[in-house]
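>>> got a structure for you, letters missing:
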């Protein structure tokens, strides 16, 4: 049996969603005892930290019980802030109990600068712990900053293959449509997205925009509503989407824009490609590792993202044939999912087999 210690949704965020997908895969393959160390949806600040601390402390007796019951491996995701000390706590107990430890990394925040929680965690976990990372760039940074993390496995995040990959994508006579899907904040690039749309509209390019995702920032909401009011018909805001609404979002766009400065391995890039939608993204996290794909345009951090992306989109908006771009995106997206799933299946087999 595998002991699985991760925050699971709710609350919903990128790492929790990936943890849930990982748990689903593992549960299909073998016995898993899942220990949820997430806080509550309404928790924030010190209260959230206290809740996570209590959840982690409650996990420790189950680690002991599971080890006595024959569990040989413990798997968990790594908190990228002060919560790394909590990861170190259960990891240290697991090491003392003789577990084989797997730590899954989902963030670059402790890789751009060395942090004390991560130094503590990697030392407590020991050189025998397996560190699962999302790309080679992440592996190199982890190895360089934290020498104790010497046993590293590259496994990109899991992506579920759409039921009808690429189906329903037909531009027709609509303007070239630029999509963005995220928890909408300025850090995620909402302001840059709006500025690109504004520039293209001022230049008379035949474009429109579709934003998907919620925003809790009043300033972001005001910026979106202001554009909708001043430029009627240019921008639709769908709010939170999932299921069929998410599929309609992808089928209604011709290009996916990711102007975020805070990403690791964004699943939404692979989701877009697998639905025949090309991507323009900023070179952060693991995104540069996708730059070899012809359907992914990666803009360097030393470039003016707004200017470069706007120029790219203006050229595409006036192109007569979008079918080739769609076909190429779909082909590369499905190939990427297949490669990622092979690496993931190898890891799942090792985890449930141990």
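The structure has been received and is ready for your questions. Here the structure is a predicted model, which is why all the values come from computation and not from measurement.
>>> Same question for the one helix or strand residue 63 maps to: list its buried residues.
Assigned by DSSP states H and E, residue 63 falls within helix 45-68. Of the residues in helix 45-68, 48-49, 51-53, 55-56, 59-60, 62-63, 66-67 count as buried by neighbour count, 16 or more other CB atoms under 10 Å. Where C-beta positions appear, they are placed from N, C-alpha and C, glycine not excepted.
>>> Next SSE downstream of it?
Downstream of helix 45-68, the first helix or strand assigned by DSSP H and E is strand 73-77.
>>> sorry, back to before: how far off centre is the helix holding residue 63?
25 Å (CA atoms, centre = their mean, to the nearest Å).
>>> Then stretch 287-306?
On the basis of CA atoms, centre = their mean, stretch 287-306 sits 17 Å off its chain's mean C-alpha point.
>>> Residue 336 and residue 296 touch, don't they?
No: contact criterion CB atoms under 8 Å: residue 336 and residue 296 do not qualify, at 9.4 Å.
>>> Neighbour count for these two, which is higher?
With other CB atoms under 10 Å as the criterion, residue 336 and residue 296 differ in neighbour count, and residue 296 comes out ahead with 25 against 20.
>>> Would you mind measuring from that one to residue 255?
Applying CB to CB, to the nearest Å, the value for residue 296 to residue 255 is 11 Å.
>>> Show me the common contact partners of these two, please.
Listed contacts common to residue 296 and residue 255 are 278, 279; contacts here mean CB atoms under 8 Å, 6 or more residues apart in numbering.
>>> other SSEs contacting the helix holding residue 63?
Counting contacts by 3 or more CB pairs under 8 Å, 6 or more residues apart in numbering; DSSP states H and E, helix 45-68 packs against strand 2-6, strand 32-36, helix 84-97.
>>> Go ahead and measure how far the last one is from the middle of the chain.
I take that to be helix 84-97. Centroid displacement of helix 84-97 relative to its chain, using CA atoms, centre = their mean, is 25 Å.
>>> quick one on the thing from earlier: could you give me the average pLDDT of the helix holding residue 63?
Averaging pLDDT along helix 45-68 gives 90.
>>> got a list of what residue 189 touches?
Neighbouring residues of residue 189 by CB under 8 Å, 6+ apart: 180, 182, 257, 258, 259, 260, 261, 282.
>>> Now the buried members of those residues.
180, 182, 257, 258, 259, 260, 282.
>>> so the last one makes contact with residue 262?
Meaning residue 282. No: judged on CB under 8 Å, residue 282 makes no contact with residue 262 at a distance of 9.8 Å.
>>> Switch the buried ones among the contacts of residue 189 over to a markdown table; also include pLDDT.
Formatted as a markdown table, the buried ones among the contacts of residue 189 follow (pLDDT from 0 to 100):
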| residue | pLDDT |
| --- | --- |
| 180 | 98 |
| 182 | 93 |
| 257 | 98 |
| 258 | 97 |
| 259 | 97 |
| 260 | 95 |
| 282 | 97 |
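>>> Just give me the closest of the buried residues of helix 45-68 to residue 351.
Nearest to residue 351, judged by CB to CB, of those is residue 66 at 13.7 Å.
>>> which residue sits closest to the closest one, ignoring its sequence neighbours?
In space, and not counting its chain neighbours, residue 66 is closest to residue 3: 4.7 Å by CB to CB, 6 or more residues apart in numbering.
>>> Tell me which of the buried ones among the contacts of residue 189 fall in helices.
Counting by DSSP state H, no part of the buried ones among the contacts of residue 189 is found in helices.
>>> Tell me who's in contact with the nearest residue to residue 76 once chain neighbours are set aside.
Of all residues not flanking residue 76 in the chain, residue 5 sits nearest, at 4.0 Å (CB to CB, 6+ apart). By CB under 8 Å, 6+ apart, the contact set of residue 5 is 35, 37, 59, 63, 74, 75, 76, 90.
>>> Okay, strands next: where are they in the stretch 51-200 of the chain?
For the stretch 51-200 of the chain, applying DSSP state E, counting those that start in this stretch gives strands covering 73-77, 100-104, 130-133, 152-154, 176-181.
>>> Kindly compare burial across the ones you listed and name the winner.
Sort the strands of the stretch 51-200 of the chain by mean neighbour count, taking mean count of other CB atoms under 10 Å, and strand 73-77 sits at the top with a mean of 25.
>>> if we can go back for a sec, name the residues that touch the helix holding residue 63?
Contacting residues not belonging to helix 45-68 are listed as 1, 3, 5, 7, 33, 35-40, 43, 74, 82-83, 86, 89-90, 93-94, 97-99 [CB under 8 Å, 6+ apart].
>>> So which residues of this protein form helices?
14-29, 45-68, 84-97, 116-125, 136-145, 190-202, 218-230, 243-251, 267-273, 305-317, 323-353.
>>> in the stretch 101-250 of the chain, what spans have low per-residue confidence?
Scanning the stretch 101-250 of the chain for pLDDT under 70 picks out the ranges 162-173.
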